[in-house]
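>>> Fold the stuff below for me.
(one chain, ligands or ions: 1)
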Amino acid sequence: MAASGFEGIEKRLELHFSGDDPMTGIGLRQLDFQTLEEILHAVQCTVVSSVGNHFFDSYVLSESSLFVYPHKIIIKTCGTTQLLKSVRPLIHYSSILGLSLSCCKYSRGSFIFPKSQPYPHTSFEQEVVYLQNVLPKKLCYKKASLMPSKLATHAWHVFSATDEAHLIFMQEPSPCTNFTFEICMTELDSVLAGKFFRGPNDGKTGDSAGKLMTEMTGIGKINPRAHICDFAFDPCGYSMNGLDGEKYSTIHVTPEEGFSYASFECVGSVCEGGGYIGDVLKKVVQVFRPGTMSVSTTCNSREVAARVAKAVEQVGMNCRSCTVDEFPAAGTVVFQTFTTRRT
Ligand SMILES: C[S@+](CC[C@H](N)C(=O)[O-])C[C@H]1O[C@@H](n2cnc3c(N)ncnc32)[C@H](O)[C@@H]1O
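Numbers count the residues shown, from 1 in each chain. Next comes the predicted model:
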């Protein structure tokens with residue numbers, strides 16, 4: 001941990017691969033555990049728990065989460081991890097499976113302790129230069145953007161790069177557009193944050209203490225359909241991955257006073273309807289009651305972001321800013337910030 005405190009803000013990397021995989025159809029899921037551990041070693045984190053379903057494998061990490069789909073990998077890490085150091089080994093090991101990188105998306109919020117970040121994460125400029133050096137030249141449609149907000153300490157950093165084939169594939173119309181929410185919450189309600197501390201010598205494992213926190217905090221009710229893989233750190237801290245068919249969700253909590261932070265991320269479909277999206281957001285706000293929250297929505301339609309503002313305002317938060325930008329292959333990113341309404 002940095003001398004100042006634990007850096008909860010995650011870095012998030014999503015890589016898409018193309019290539020024929022006639023033998024197995026499971027693509028990247030063929031990467032064995034030892035290979036994944038080697039890749040994570042470069043990032044400076046380890047696996048603490050894992051579970052998979054028919055569609056993907058999910059891993060809770062010492063610093064956040066990893067999701068492995070046949071042609072897509074998502075790694076989210078916090079603390080002082082060096083997430084971008086996973087790109088080179090992932091390109092290498094996927095090529096052995098006959099897969100080649102076709103799209104890269106990198107995003108993160110503003111670090112709480114930016115001076116504690118190691119290379120290549122000391123600045124967004126450095127991260128972008130690093131990515132441009134390691135990515136194959138065919139990912140030539142690229143863009144880096146810092147999306148500001150009215151809150152001086154909250155900006156959203158996004159980089160995306162794609163090859164032509166993936167760009168064309170992403171532009172094909174689809175009846176049910178998918179979206180991704182990346183939610184960052186700070187200044188958590190201290191009573192609610194207290195539920196993510198373990199008692200001294202509680203006699204529980206990380207798994208059993210995690211299960212209890214999932215139940216006691218209401219996290220288990222956010223998506224009752226999801227199969228949850230949870231883990232409680234000692235003396236405090238919590239991570240979970242939710243698996244609902246091919247959709248994942250993930251929550252990470254740093255409950256310490258002074259730098260408390262929680263994140264929620266999920267994928268969904270606009271066809272699920274405004275009611276479902278609003279219901280999920282309201283439940284998330286009620287689990288943590290944050291002072292400040294940012295919601296980054298990645299989608300090909302702007303309609304979802306309007307539903308976000310409506311739902312979050314109904315649970316006592318005011319929208320302070322909304323920034324919109326377009327990225328090749330990633331689509332439209334809408335970055336909204338909210339603060340608790342003072343009564
Ligand atoms: C890994 S979790 C969740 C990280 C997540 N990005 C977040 O802050 O929302 C981090 C919390 O677990 C605590 N923790 C306890 N032991 C830890 C360990 N061995 N590795 C990482 N975090 C640990 C940290 O102090 C912090 O409160």
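
>>> What backbone torsions are found at the residue of the stretch 151-300 of the chain found nearest the ligand?
Taking C-beta to the nearest ligand atom as the measure, the stretch 151-300 of the chain has residue 237 as its residue closest to the ligand, at 1.9 Å. All C-beta atoms are positioned from the backbone trio N, CA, C, and that covers glycine. Phi and psi for residue 237, reported as degrees, to the nearest 10, are phi 110, psi 150.

>>> With residue 182 instead?
For residue 182, the backbone dihedrals (degrees, to the nearest 10) come out as phi -120, psi 110.

>>> what does the stretch 201-343 of the chain have sitting close to the ligand?
Contact residues, the stretch 201-343 of the chain versus the ligand (C-beta under 6 Å from any ligand atom): 233, 236, 237, 239, 252, 253, 254, 255, 256, 261, 262, 263.

>>> ok, residue 279 - contacts?
Applying C-beta atoms under 8 Å, 6 or more residues apart in numbering, we find residue 279 in contact with residue 311.

>>> That one looks like it's in a helix, true?
Yes: assessed by DSSP: H, G, I helix; E, B strand; the rest coil, residue 279 belongs to a helix.

>>> Can you name the residues that contact the residue of the stretch 151-300 of the chain closest to the ligand?
Taking C-beta under 8 Å, 6+ apart as the test, what residue 237 contacts is 6, 196, 253, 254, 255.

>>> how about a cut-off of 7 Å?
Each residue near residue 237 by C-beta atoms under 7 Å, 6 or more residues apart in numbering is listed here: 196, 253, 254, 255.

>>> Taking the residues of the stretch 201-343 of the chain next to the ligand, tell me the two that lie furthest apart.
Farthest-apart pair in those is 236 and 263; separation 15.6 Å (C-beta to C-beta).

>>> quick one: which of the residues of the stretch 201-343 of the chain next to the ligand sit in strands?
239, 252, 253, 254, 261, 262, 263 (DSSP state E).

>>> who are the neighbours in contact with the closest residue to the fifth one other than its chain neighbours?
Counting by C-beta to C-beta, 6 or more residues apart in numbering, residue 261 lies nearest to residue 8, which is 3.1 Å off, once chain neighbours are set aside. With contact set as C-beta under 7 Å, 6+ apart, residue 8 has these partners: 78, 112, 254, 259, 261.

>>> Relative to the ligand, how far out is residue 8?
3 Å (C-beta to the nearest ligand atom, to the nearest Å).

>>> can you tell me which helix or strand that residue belongs to?
Following DSSP states H and E, there is no helix or strand that holds residue 8.

>>> same check, this time on residue 209
helix 206-217.

>>> Next, the buried residues of that helix.
206, 209, 210, 211, 213, 214, 217 (16 or more other C-beta atoms under 10 Å).

>>> Can you spell out which helices and strands pack onto that helix?
If contacts are counted by 3 or more C-beta pairs under 7 Å, 6 or more residues apart in numbering; DSSP states H and E, helix 206-217 sits against strand 227-232, strand 238-244.

>>> now these in TSV, with mean neighbour count?
Below are the helices and strands packed on helix 206-217 laid out as TSV (neighbours: other C-beta atoms under 10 Å):
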stretch	mean neighbour count
strand 227-232	22
strand 238-244	25
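
>>> would you list those strands in a markdown table and tack on mean pLDDT?
Listed next are the helices and strands packed on helix 206-217 as a markdown table, based on pLDDT from 0 to 100:
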| stretch | mean pLDDT |
| --- | --- |
| strand 227-232 | 98 |
| strand 238-244 | 98 |
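
>>> okay if I get those strands as a markdown table plus distance to residue 272?
Shown next, in a markdown table, are the helices and strands packed on helix 206-217 (distance: least, C-beta to C-beta, whole Å):
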| stretch | distance to residue 272 |
| --- | --- |
| strand 227-232 | 18 |
| strand 238-244 | 11 |
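
>>> Relative to residue 157, which of those strands is closest?
In terms of C-beta to C-beta, the element of the helices and strands packed on helix 206-217 nearest to residue 157 is strand 238-244, at 22.3 Å.

>>> Appreciated, that's everything.
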